[in-house]
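Undergrad: The sequence and its predicted three-dimensional model are supplied below.
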Amino acid sequence: MADDTQKQEKETWWSKQSSKEKIVIGAVSVCCLGIILIVGIGGLLSPDNGGNSSDYSSNSDTTPEPVEPVETESEYKASCKTISFKELNKNPDGHAGERVKLSGRVIQIMEGYGTDIRMDVNDNYGDTVYVTYDGTTTALEDSWITVYGEVYGSYTYESQAGWQITLPLIKAKYVEVGQ
């Protein structure tokens, strides 16, 4: 009998609502269900980054991967070898990946999204390398510089006269002016 009374109270409440109120209540209910479905589906489809993943391994015997020590500037420079222009120019691609130290005179320098330098090694005209450097430098044309970096093989570009010019390419990590 208590069930009948509750049923009558519910029917009475619903029957007291106007048709506009029923539409609003229905729309709100549909929106709430939609949000619940979207959140539920999104939760099922997104990767689980929590600690309850079935792929998680709690093996305490695993050792962490070693962290590479950061190389200091002096260590990097010490790892660069001096190479003659003739040796480098003979086969720049064969020296790719090698760390080198080269000194010479700046014959052209351009700064923008980094610095591009054409440098005559040991101030010998024609013994030219192309140097790229991510930073900026105080070097100007005719400055004497020493670069420490990695050989990236050959670099070919077109001159203003339309000639194809190929030079050894050095990606400098450090550029010293006046050294």
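TA: Yep, it's here.
Undergrad: chain center to the longest helix along the chain: distance?
TA: Longest helix in the chain by number of residues, with DSSP state H as the criterion: helix 19-45. Helix 19-45 sits 42 Å away from the centroid of its parent chain (CA atoms, centre = their mean, to the nearest Å).
Undergrad: Mind listing what's buried along the helix or strand just after it?
TA: Using DSSP states H and E, the helix or strand that follows helix 19-45 in sequence is helix 73-79. Neighbour counts using 16 or more other CB atoms under 10 Å place Lys77 of helix 73-79 among the buried residues. C-beta: built from backbone N, CA, C; applies to glycine.
Undergrad: hmm, who's touching helix 73-79?
TA: 71, 99, 101, 148, 173-174 (CB atoms under 8 Å, 6 or more residues apart in numbering).
Undergrad: just to revisit the earlier point, average pLDDT across the longest helix of the chain?
TA: Averaged over helix 19-45, pLDDT sits at 80.
Undergrad: lowest average confidence, helix or strand, in this structure?
TA: helix 2-16 (a mean of 66; mean pLDDT, DSSP states H and E).
Undergrad: is it fair to say Tyr174 lies in a strand?
TA: Yes. Counting by DSSP: H, G, I helix; E, B strand; the rest coil, Tyr174 is found in a strand.
Undergrad: Report the central residue of this protein.
TA: With distances taken as CA atoms, centre = their mean, the chain has Asp134 as the residue nearest its mean C-alpha position (13.8 Å).
Undergrad: Pairing partners for the residue nearest to that residue when sequence neighbours are not counted in the sheet, please.
TA: Using CB to CB, 6 or more residues apart in numbering and skipping residues adjacent in sequence, the residue nearest Asp134 is Gly114, 4.9 Å away. With DSSP bridges applied, Gly114 shows beta-bridge pairing to Gly112.
Undergrad: what sits against Gly114?
TA: Neighbouring residues of Gly114 by CB under 8 Å, 6+ apart: 132-136.
Undergrad: how close does it get to Leu102?
TA: To Leu102, Gly114 is 18 Å away according to CB to CB, to the nearest Å.
Undergrad: go on, Cys32?
TA: For Cys32 relative to Leu102 (CB to CB), the value is 70 Å.
Undergrad: same thing with Ile41?
TA: 60 Å.
Undergrad: Compare neighbour counts for those two and give me the winner.
TA: Neighbours per residue, other CB atoms under 10 Å: of Ile41 and Leu102, the larger number sits with Leu102, 25 against 10.
Undergrad: C-alpha coordinates for the helix or strand harbouring Gly153, CSV please?
TA: Using DSSP H and E, Gly153 falls within strand 144-158. Presented in CSV, the C-alpha positions along strand 144-158 are these (Å, rounded to 0.1, in the frame of the first residue of the first chain):
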residue,chain,number,x,y,z
TRP,A,144,90.1,35.3,-36.8
ILE,A,145,88.0,32.5,-35.2
THR,A,146,88.4,28.9,-33.9
VAL,A,147,85.4,26.6,-34.3
TYR,A,148,84.8,23.4,-32.4
GLY,A,149,82.1,21.2,-33.9
GLU,A,150,81.1,18.2,-35.9
VAL,A,151,81.7,17.5,-39.6
TYR,A,152,78.4,17.1,-41.4
GLY,A,153,79.9,16.0,-44.8
SER,A,154,79.6,18.2,-47.9
TYR,A,155,77.4,21.2,-48.4
THR,A,156,76.5,22.5,-51.9
TYR,A,157,75.0,25.9,-52.5
GLU,A,158,74.5,28.2,-55.5
